[in-house]
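[1] pasted the sequence and its predicted model underneath.
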Amino acid sequence: MRLPHFDLRQPSTVEEALSLMEEFRGSALALAGGTDLIPLMRYRLEVPSTLVSLQKVDCLKGISLQDGRVFIGAMTPLADLVSSSIISDNFPALLQAARAVGAPPILNLATVGGNICQNSRCLYYNQSRTWRLERPACFKAGGNVCHAVPKGNKCFSVYSGDLAPALVALDAVAAVEKRGRSRSVSIEELFSGNGLHPIALGKEELVTGVAILLPEKSSNSSYMKMRARPSIDYPLVSAAACATRGGNGKIEKIRLVLGAVGPSPVVVGDVGRFFEGKTLDEVDFDALSEIIGKGARMVDNLTFPGSYRKAMLSVIAEKAVRAALRPGAGKEKQ
Amino acid sequence: MDDLSYVGRSIPRKDGPIKATGRAKYTVDVTLPGMLVGKVLRSPHPHARILSIDTSKATRLPGVKAVVTAADSLKIKHGFVDTPRYPADQYPLAVDRVRHVGEDIAGVAAIDEDTAEEALSLIEVEYEPLAAVFDPEEAMRPDAPEIHPSHPKVNEPYRNIGGKTATSWGDVEKAFAESYLVREDKFYCQMRAHGYMEPQATLAHFDYSGKLNVWTSSMGVFLKRAKLAKTLGLPYGSVRVLKTYVGGAFGGKIDLFHHEYIASLLSMKCHLPVKIVYSREEVFKAARPAQPLIVQIKTGVAKDGTILGQEIHAINDSGAYHGSGVVVIFLAWGFAMAPYRVPSLKYEGYSVYTNNLVRAPQRGHGAPKMRFAAESQFDMIAEELGIDPVEFRLRNVRKPGDILPNGDSVKNFGLRECIERVAERTDFKNRHEAAKRERETGSKVKRGIGIGTTAYFGGSLIYPNSSSALVRLNDDGSVSLLTGALDIGQGCETVLCQIVAEELGVPVEEVQIYAADTETTPVDIGSWISGLTYVTGNAVKKAAEQAMKKLLAAAARELGADVNDLVARNKEIFVSHCPDKTISYAGAVAASIARDRGDSIIGEGHFRTMKDEPFHPSLASTKGRWTENYSSYAQVAEVEVDTETGVVKIAKVTTAHDCGFPVNPALVEGQIDGQVSMGQGHILTEEIRVENGCVINPSFLEYKIPCSLDMVETDYIDVITEQYKRGHHYNTKEVGEGYVSGTVVSVANAVFNATGVRVRKTPIHPHDMLAALDRLRTPKEEKKSGRS
């Protein structure tokens, strides 16, 4: 499948990139590693007239530690994340999430910003134009039906990024810029909750990087992903957990985030009562499983049925929590 | 065993370096000046009448050089089978009706891909949609939509019956009456893709001399020539199919594929080269998937586990046309009766038309499905009788020399030894018992072990039935082999060169091979029906032998020695009792030319199997012999089942194999590993998902073929039942297809051993596994559903 025609712009500074995004507002898309966007263009799910490639904006690449905060440039390849000691020393969840994205050829190309800002997915949406023309257009493709839920009245596409759940668990913040203005938003707020346009960014805006506060010494994190094949597949469900223990070894606080549930990562609310002041052995996971994924509408639009994926949420969440609370855990090196 | 220098050794592949360095030319890499891009317009409907096709706008589009529809064709039908009972039933371009989504309507050739795509969108087709049916059992009902009339010789009141195989021996009813235990079970298989990495691709050039030159990704050039010549109305001599490297086929590139016909017809219309390369989506939607099979099997056994009788009812969903459906219902019978003694059997197989894609054979062609049913049931019976699965098999396995109901002999059949040795290597009995005990413990991950077996034919009679080869000595004493064999990745060029090297005493790297060109190489059976090493290998051997004989005759005369006293080694011939008297091969060739009126040294060889059988066996009645050499295997799989997620993992597969004389042991092991992976995909992850006849996962992202990180640890046990002796032909047996079955079955049985869940449907989806585990915990619900 060939790519549609497009103009390629290759700015070398952020300012230049932001100007181009403003100039071609609405008709341009930013190109990072391309592992998400290029297949979408081949399928004609995206047909931007201009691509603003960020490959030559060198200042967007790299991982640095400053004043207790780690800053990761948006164009940092996932492979660099995986090999960074700053990441492995401090954010096991992020390391595990990056590794879980796919095999080395994908990690070499895919970037942090691109992975976060990837579009949501559906078995009936991520298909070629020829395939889609054989049936009415779905909500996400601009039509007014849902092929996964025949009587559905909205888009059930699933946000399938691996980094975002981990970053949300780690309370990370994204730097969002447009020409003349920059803002900081939590990763959680980057998501609209709407399957049609899952990423809440203006058309002229770019995510330029991610900042994460260094964790407290007694804290640890983990990311667990369920999928059919380890070398390539998107998550069927995933979970990230970030836990802090008090001096007495008891759990002080925990943040639990689910991935591949719906159009955005889901923070499991009100989990304190299950964990706080307890040791791992005292945690009632059966009770926890009652609230996990409650209210999530998971439908048959990925490899395995929605009911199965929903049932797996509590399994994967427990694994993530246990990994984050594993005795002696805290550092994970490759 | 004679002292062998080249055969029986793991010689590195001849095509290894060129492939590893990316220099091998596959069809997509072949380019010709002025070459056009061809594209195919396909039906979006599973079943419809074509009311009109208007190509005028497409034809007028600048850059379009040719547009073809059925109106440009001779409307000659073709079929995988084309016999009086099963005449060809498929037009290469739809004439007035389409019967599956993706059926070919028109072809365009244009100067580039975008123009060709645009031209497709300008073709206007008016359809009248018809009622469609996708489930074979529904399609058999008298009120189902009719896709084709039922076969005239099928008397049952079923609709859409494309073909039937029926056979029986012994008194099955009596056997069941006398049985201690009779079980009846039903097993289902999914639709699978072949998963060849190289998509279907064809370059066709009809030149101004009136010759059609075709480069195409295939499994054998002579069958392609025959089918193209027939459908295009050309004499065989006007169609030349040439060699390209092939990136895998696994059964999925036999037969005529319509892009091959369409590229040829487009080129005949515009006299320019036309290349069609399928996208992966087209491979899934328009090339042919593998044959699914529903098997209902009833088995009666004595108290000690001896099989007394079997009744088997198989239903094949052949898709919209015959494809290989009428063959798979015949083969399934053979896979039921070959490995074990079945004293009485009643077999009925139906091939049923549906509005699904047409199917092609896939590695094992019915064997994985039939063995899955038979040997899952073996274990169920063994469990009920309290007999170990290995014991049950040993009680019923065929003995060497057993004569099968069709007259075949299993000759030096190694299945008993395979079963015994694989059981011993894996400590099967103890671990099987231990896993049963551990099933009840609290562990979330259950471990189990299971066994599966197969017997498989090799080199059956199907067009072109035989292989010929030429071996030519060059003036410098080096050797050229001319063979019609096409290496599709299995390494046949290496194996054939090993045979020449051995027979002629020439270093294997000095044997040049010229292969797979219908114009310049002799006819060949093709890389299918598991016959290449046996049939072509022995043709090559005979050719090499004949060349050697001529060479030695020339040398004997030149040396003044008796030909029986000559020894040839490393391109030198010397007299055994007088090693100083020598002549080089080059010298002997020169002598032959000088003394024998210019005769250079060329040997020819021909080989076919079952010389007394005029034709292939009857697809209807199974009468007639099938093969003269049955391979056999026993495989043991070790699995882990995560009872929280329902995910099954294969920890290890151990294979004991009787593949006859292994010409290249490393290639045998490569075949085993490839098939373990293919079996793994079959039993665990792969499934073509279809909704209303349309494939909804037409990509390698959503079709879950195992990847490198999913590969299973393997171990091999060689059970060598055949040795090669000089002067005799090579008794090789099949090695490229059978292991898929053993892997599928052994995993299914291991899952039962681990969990108590009996798999009746492949693949084992984790959600089905969880549901089955739940049913086990609440036994009363289990009875509601027949499938796990």
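    In hand now; what should we look at?
[2] below-threshold pLDDT in chain A: ranges please.
    When residues are selected by pLDDT under 70, those of chain A lie in A:327-334.
[3] report back the residue of it that's furthest from centre.
    Within chain A, residue A:248 marks the point farthest from the mean C-alpha position, 33.8 Å out by C-alpha atoms, centre = their mean.
[4] that one should be in a helix, yeah?
    No - according to DSSP: H, G, I helix; E, B strand; the rest coil, residue A:248 belongs to no helix; its state is coil.
[5] just give the number of residues close to the closest residue to chain B within the stretch 1-150 of chain A.
    For the stretch 1-150 of chain A, the residue closest to chain B is residue A:134, as judged by C-beta to the nearest C-beta, at 4.3 Å. For every residue, glycine as well, the C-beta is placed using N, CA and C. Residues lying near residue A:134 (other C-beta atoms under 10 Å in any protein chain shown) number 16.
[6] and the one 10 residues further on, by the same measure?
    Residue crowding around residue A:144 was assessed by other C-beta under 10 Å; the count is 9.
[7] quick check: the gap between it and residue B:436.
    Noted for residue A:144: a distance of 55 Å to residue B:436, by C-beta to C-beta, to the nearest Å.
[8] and if you look at residue B:258?
    52 Å.
[9] between these two, point out the one with more neighbours.
    residue B:258 (27 against 15).
[10] so how far is residue B:61 from the nearest residue to the more buried one once chain neighbours are set aside?
    Distances taken as C-beta to C-beta, 6 or more residues apart in numbering or on different chains put residue B:104 closest to residue B:258, at 4.4 Å, once the chain neighbours are dropped. As defined by C-beta to C-beta, residue B:104 lies at a distance of 20 Å from residue B:61.
[11] who has more neighbours out of these two?
    residue B:104 (23 against 16).
[12] for chain A, see how far away that one is.
    14 Å (C-beta to the nearest C-beta, to the nearest Å).
[13] where does the one residue in the stretch 201-334 of chain A that gets nearest to chain B sit: helix, strand or coil?
    Per C-beta to the nearest C-beta, residue A:308 is where the stretch 201-334 of chain A lies closest to chain B, at 3.7 Å. Classification of residue A:308 by three-state DSSP places it in helix.
[14] near chain A, which residues of chain B show up?
    By the rule C-beta under 8 Å from any C-beta of the partner chain, the part of chain B lying against chain A is B:44, B:101, B:113-114, B:279, B:281, B:644-646, B:685, B:694, B:696-698, B:701-702, B:704, B:706-710, B:765-767, B:770.
[15] filter these down to the ones in helices?
    Of the residues of chain B next to chain A, the ones assigned to helices by DSSP state H are B:113-114, B:281, B:766-767, B:770.
[16] tabulate the residues you listed (TSV), appending neighbour count.
    As requested, these are arranged in TSV below (neighbours: other C-beta atoms under 10 Å in any protein chain shown):
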residue	neighbour count
B:113	14
B:114	14
B:281	19
B:766	24
B:767	16
B:770	20
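[17] who's in contact with residue B:556?
    Shown in contact with residue B:556 (C-beta atoms under 8 Å, 6 or more residues apart in numbering or on different chains): B:562-563, B:566.
[18] buried only: go through those residues for me.
    Taking 16 or more other C-beta atoms under 10 Å in any protein chain shown as the criterion, what is buried in those is residue B:566.
[19] tell me which of the contacts of residue B:556 fall in helices.
    The members of the contacts of residue B:556 all map outside helices under DSSP H.
[20] which one of the contacts of residue B:556 is nearest to chain A?
    Among these, residue B:566 lies closest to chain A (C-beta to the nearest C-beta), at 57.3 Å.
[21] isn't that closest one right up against residue B:573?
    Yes - the pair residue B:566 / residue B:573 is scored as a contact, 5.5 Å apart, by C-beta atoms under 8 Å.
[22] next, residue B:440: secondary structure please.
    Three-state assignment for residue B:440 (three-state DSSP): coil.
[23] from residue B:777, how far out is it?
    For residue B:440 relative to residue B:777 (C-beta to C-beta), the value is 12 Å.
[24] now do residue B:175
    37 Å.
[25] try residue B:236
    The gap separating residue B:236 from residue B:777 is 65 Å, by C-beta to C-beta.
[26] just give me the neighbour total for residue B:676.
    Taking other C-beta under 10 Å as the neighbour definition, residue B:676 ends up with a count of 28.
[27] cool, and residue B:560?
    8.
[28] dump the residue contacts of the residue of chain B found nearest chain A.
    For chain B, the residue closest to chain A is residue B:767, as judged by C-beta to the nearest C-beta, at 3.7 Å. Going by C-beta under 8 Å, 6+ apart, residue B:767 touches A:304-305, A:307-308, B:646.
[29] quick one: buried ones out of those residues?
    Buried subset of the contacts of residue B:767 (neighbour count, 16+ other C-beta under 10 Å): A:304-305, A:308, B:646.
[30] could I get the residues you listed as TSV with distance to residue B:65?
    Below are the buried ones among the contacts of residue B:767 laid out as TSV (distance: C-beta to C-beta, whole Å):
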residue	distance to residue B:65
A:304	46
A:305	48
A:308	51
B:646	54
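[31] which stretches of the stretch 151-300 of chain A form strands?
    For the stretch 151-300 of chain A, applying DSSP state E, counting those that start in this stretch gives strands covering A:173-178, A:181-186, A:206-213, A:219-226, A:237-245, A:251-259, A:266-267.
[32] highest mean neighbour count out of those?
    strand A:237-245 (a mean of 28; mean count of other C-beta atoms under 10 Å in any protein chain shown).
[33] spit out the residues that contact residue B:566 and residue B:573 alike.
    Counting by C-beta under 8 Å, 6+ apart, the shared contacts of residue B:566 and residue B:573 are B:552, B:555, B:559.
[34] mean confidence for the helix or strand hosting residue B:607?
    Using DSSP states H and E, residue B:607 falls within strand B:602-608. For strand B:602-608, the mean per-residue pLDDT is 97.
[35] so how far is it from its chain's centroid?
    With C-alpha atoms, centre = their mean, to the nearest Å as the basis, strand B:602-608 stands 25 Å off its chain's centre.
[36] spell out which parts of the stretch 51-200 of chain A neighbour chain B.
    Contact residues, the stretch 51-200 of chain A versus chain B (C-beta under 8 Å from any C-beta): A:103, A:123-124, A:127-128, A:130-131, A:133-134.
[37] out of those residues, which end up buried?
    Buried among those (16+ other C-beta under 10 Å): A:123-124, A:127-128, A:130-131, A:134.
[38] in helices, which of those residues appear?
    The helices, defined by DSSP H, take in A:130-131 from these.
[39] redo the buried ones among the residues of the stretch 51-200 of chain A next to chain B as a markdown table? Include distance to residue B:486.
    As requested, those are exported to a markdown table (distance: C-beta to C-beta, whole Å):
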| residue | distance to residue B:486 |
| --- | --- |
| A:123 | 37 |
| A:124 | 39 |
| A:127 | 34 |
| A:128 | 31 |
| A:130 | 31 |
| A:131 | 33 |
| A:134 | 35 |
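[40] determine which two of the buried ones among the residues of the stretch 51-200 of chain A next to chain B are furthest apart.
    Maximum pairwise distance in these, criterion C-beta to C-beta, is 16.1 Å, between A:123 and A:130.
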